[in-house]
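[1] Give me the fold of what follows.
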Amino acid sequence: MTLWSSAFITSKIIVDNASPFISLFLRFAIVGLIFFISFLYFSKNKVISIRAFYNASISGLLFHGFYLGGVFYALSNGISASLIALIVSLQPILTSILAKVYLNEQLSLFQWLGIFLGFCGAFIIILSDIKEGLTLLAFTSSLIGLISSSLGIIWQKKIVDELPLSANNFIQAFSAVSYTHLRAHET
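    So this is what the prediction gives:
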């Protein structure tokens, strides 16, 4: 939990002083190495199927690369930390809608009402920030982060998880390393 939450807590400080994708590259390389060592040390079964590797890689790209990449890039392009936090906090609402579409989960009328009210509240606050200079690039980057996080949850829920947690985490971190490394060279 500490490794996950540390990214958002320090994100504004990081992007004010470094490239968002280089900083994420370094973060994921360190985290991936820690989880790899943990996997080697604690896991009894060290065999990872190609299918499991593929699924964990997709999850890592969505959860870490695109989600945090979108958040950090939005912050580096002027969105406020409070607004990006509000936008990505819509993730449970979006995930509920996507779970209905992709996983055939049923939502009650009360849940739909909650989804509608949540979106309305966020929309009102986001509109007020747009009037105060929110750029389209920063807003789009934050939406990419939001959508990627929700898609990552749907992907993870839809697949059968056959990996130990440490293996899943190191593969996810290293897939994010690959993505952020590519993005760091583009920007």
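
[2] Residue 64 reaches residue 25, doesn't it?
    No - contact between residue 64 and residue 25 fails when scored by Cβ atoms under 8 Å: they sit 11.0 Å apart. Placement of C-beta: from N, CA and C, glycine included.

[3] Of all residues in this structure, which one is nearest the centre?
    The centroid of the chain falls nearest to residue 67 when counting by Cα atoms, centre = their mean (2.8 Å).

[4] and the gap between that one and residue 49?
    25 Å (Cβ to Cβ, to the nearest Å).

[5] With residue 93 instead?
    From residue 93 over to residue 49 (counting by Cβ to Cβ), the distance is 34 Å.

[6] Give me the more crowded residue out of those two.
    Neighbours per residue, other Cβ atoms under 10 Å: of residue 93 and residue 49, the larger number sits with residue 93, 19 against 10.

[7] CA-only coordinates of the strand or helix carrying that one in PDB, if you can.
    In this structure, residue 93 sits in helix 91-103 according to DSSP states H and E. Included here for helix 91-103 are C-alpha records, laid out as PDB according to Å, rounded to 0.1, in the frame of the first residue of the first chain:
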ATOM      1  CA  GLN A  91     -13.100   5.700 -11.000                       C
ATOM      2  CA  PRO A  92     -15.600   3.700  -8.900                       C
ATOM      3  CA  ILE A  93     -18.400   5.300 -10.800                       C
ATOM      4  CA  LEU A  94     -16.900   4.600 -14.200                       C
ATOM      5  CA  THR A  95     -15.900   1.100 -13.100                       C
ATOM      6  CA  SER A  96     -19.500   0.400 -12.100                       C
ATOM      7  CA  ILE A  97     -20.700   1.400 -15.600                       C
ATOM      8  CA  LEU A  98     -18.000  -0.600 -17.300                       C
ATOM      9  CA  ALA A  99     -18.800  -3.600 -15.100                       C
ATOM     10  CA  LYS A 100     -22.400  -3.500 -16.300                       C
ATOM     11  CA  VAL A 101     -21.300  -3.400 -19.900                       C
ATOM     12  CA  TYR A 102     -18.400  -5.800 -19.900                       C
ATOM     13  CA  LEU A 103     -19.100  -8.100 -16.900                       C
END
